[in-house]
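Chemist: with the sequence up front, the predicted model follows.
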Amino acid sequence: MLVLAALSWGIATALTKVALEQLQPLDLLAVEVGTGALCLCLLMLARGAPRDSALRVGGVLLLIGMLDPGLCFLLFDVGLAHTAATDGALLIATESLFTAVLAVLFLGERLDGRLAFALFAGSIGAAFVSLRGGGGASSLAGDLLVVGASLAAGAYSVLARRIAPGRDVLSLTTVQMIGAAAVCLPLAGLAAAAGHSHLAHANASHVLAAVAVGVLASVLPFLLFNTAIEHVTATAAGLVLNLIPLFGTAAAVTLLSESLGVAQLLGGALIVLAATLAALGARQNERVLPELTSGL
């Protein structure tokens, strides 16, 4: 499930760049989040009443939804409008690094040598990726916004591991998406009222690409992730999701004919290596912690 989620998010990265050719970032944000919320609500109505009490923590789920996909998608869409899809696909791998750091800060996990090296390598890799964008379409500001999206996604991964287990996946994901829509749709409405929307003038193919992003980035991967996270650790999930930049870069090169420079290849390799080391190190810590607790 996590591999399929990674594939879905990776393909959505390239399609996001396609949709942004004619849509403003807030236009795309409204379409993808609105599509996600609509599809999930229809699934809920078709199935009937929730099977558990996921709505008891509705307030928390709404806040998580505001974080990811809300804030995460907002930063990613705006960032990708100012950088290359290959840059975005590679930099999104920093999510695993942020997950590991947040685990240290908020879950009391130990910062060992492997994680420290991973953070250093990941920072160097991100700098290399930002040196040159595919086709000259990248910018430092756009790259930094994508990294900010990774931070929001990392925070979501840690919180989801605490909240998702034992709850109905469909109702959980639906409330999460409603939380995102509560933030994103008003922002898009304000932008449209101010005359900053291109949605009415976009052709059908670009609008369809935006709807596809809504399904591939909102509905399918979050359902898969929220189902899988009950059966794996957050860091193990982060390890599998390191496939996102690989799938995303391949999709960008294939669909958008973007090129990869030596700096990008080196930087992307460092980011993926760093994210893998961070996830493996944190996963090892999670194995040791239960043994220490049982001993106590």
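Modeler: Ah, there it is.

Chemist: going forward, measure contacts and count neighbours with C-alpha atoms only.
Modeler: Will do.

Chemist: excluding chain neighbours, what is closest to Ser8?
Modeler: Leu216 (5.2 Å; C-alpha to C-alpha, 6 or more residues apart in numbering).

Chemist: what's the pLDDT at Ala116?
Modeler: Here the pLDDT value assigned to Ala116 is 74.

Chemist: and it, how many neighbours?
Modeler: 15 (other C-alpha atoms under 10 Å).

Chemist: now it: how far from Gly122?
Modeler: Plainly put, Ala116 is 10 Å away from Gly122 if you go by C-alpha to C-alpha, to the nearest Å.

Chemist: what's the answer for Ala274, then?
Modeler: 5 Å.

Chemist: got any residues that touch both of the two?
Modeler: Leu97 (C-alpha atoms under 8 Å, 6 or more residues apart in numbering).

Chemist: list the contacts for the residue nearest to Ser8?
Modeler: Shown in contact with Leu216 (C-alpha under 8 Å, 6+ apart): 8-9, 11-12.

Chemist: give me that answer again for 10 Å
Modeler: Counting by C-alpha atoms under 10 Å, 6 or more residues apart in numbering, Leu216 touches 5, 7-13, 15, 32, 36, 210, 222.

Chemist: quick one: which of those residues sit in helices?
Modeler: 5, 7-13, 15, 32, 36, 210, 222 (DSSP state H).

Chemist: just the buried subset of those, written out for PyMOL, thanks.
Modeler: The PyMOL selection below is limited to those of the ones in helices among the contacts of Leu216 classed as buried (16 or more other C-alpha atoms under 10 Å):
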select buried, resi 5+7+8+9+10+11+12+13+15+32+36+210+222
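
Chemist: between the ones in helices among the contacts of Leu216, which is closest to Leu74?
Modeler: Nearest to Leu74 among the ones in helices among the contacts of Leu216 is Glu32, at 10.6 Å by C-alpha to C-alpha.

Chemist: what about the spatially closest residue to that closest one that is not a sequence neighbour, which SS state?
Modeler: Spatial nearest neighbour of Glu32, excluding adjacent residues (C-alpha to C-alpha, 6+ apart): Gly214 at 3.5 Å. Each residue gets one of three states, and Gly214 gets helix by DSSP: H, G, I helix; E, B strand; the rest coil.

Chemist: what about Gly214, how many neighbours?
Modeler: Using other C-alpha under 10 Å, Gly214 has 25 neighbouring residues.

Chemist: do the same with the one 4 residues further on
Modeler: Other residues lying near Ser218 total 27 when counted by other C-alpha under 10 Å.

Chemist: show me the residues around the nearest residue to it once chain neighbours are set aside that make contact.
Modeler: Nearest residue to Ser218 in three dimensions, chain neighbours excluded: Gly36, at 5.2 Å (C-alpha to C-alpha, 6+ apart). With contacts taken as C-alpha under 10 Å, 6+ apart, Gly36 has the following neighbours: 30, 69, 173-174, 177-178, 180-181, 211-220, 222.

Chemist: one more: Gly148?
Modeler: Contacts of Gly148 (C-alpha under 10 Å, 6+ apart): 71-72, 74-76, 79, 91-92, 94-95, 98, 142, 154.

Chemist: repeat the analysis, applying 8 Å as the threshold.
Modeler: So Gly148 contacts 72, 75-76 (C-alpha under 8 Å, 6+ apart).

Chemist: just the closest of these to Ala84, please.
Modeler: Distances from Ala84 to the contacts of Gly148, taken by C-alpha to C-alpha, are shortest for Phe76, at 11.6 Å.

Chemist: one step back: please identify which of the contacts of Gly148 is nearest to Asp112.
Modeler: Nearest to Asp112 among those is Cys72, at 28.2 Å by C-alpha to C-alpha.

Chemist: ok, and what's touching the host helix or strand of Ala116?
Modeler: Ala116 belongs to helix 113-129 when assigned by DSSP states H and E. Helix 113-129 is contacted from outside by 87, 90-91, 94, 97, 100, 263-275, 277-278, 281-282, using C-alpha under 8 Å, 6+ apart.

Chemist: quick one: which of those sit in helices?
Modeler: Counting by DSSP H, the contacts of helix 113-129 contribute 87, 90-91, 97, 100, 263-275, 277-278, 281-282 to helices.

Chemist: I'd say Leu246 and Asp87 touch.
Modeler: No - the pair Leu246 and Asp87 does not pass the contact test of C-alpha atoms under 8 Å, sitting 11.5 Å apart.
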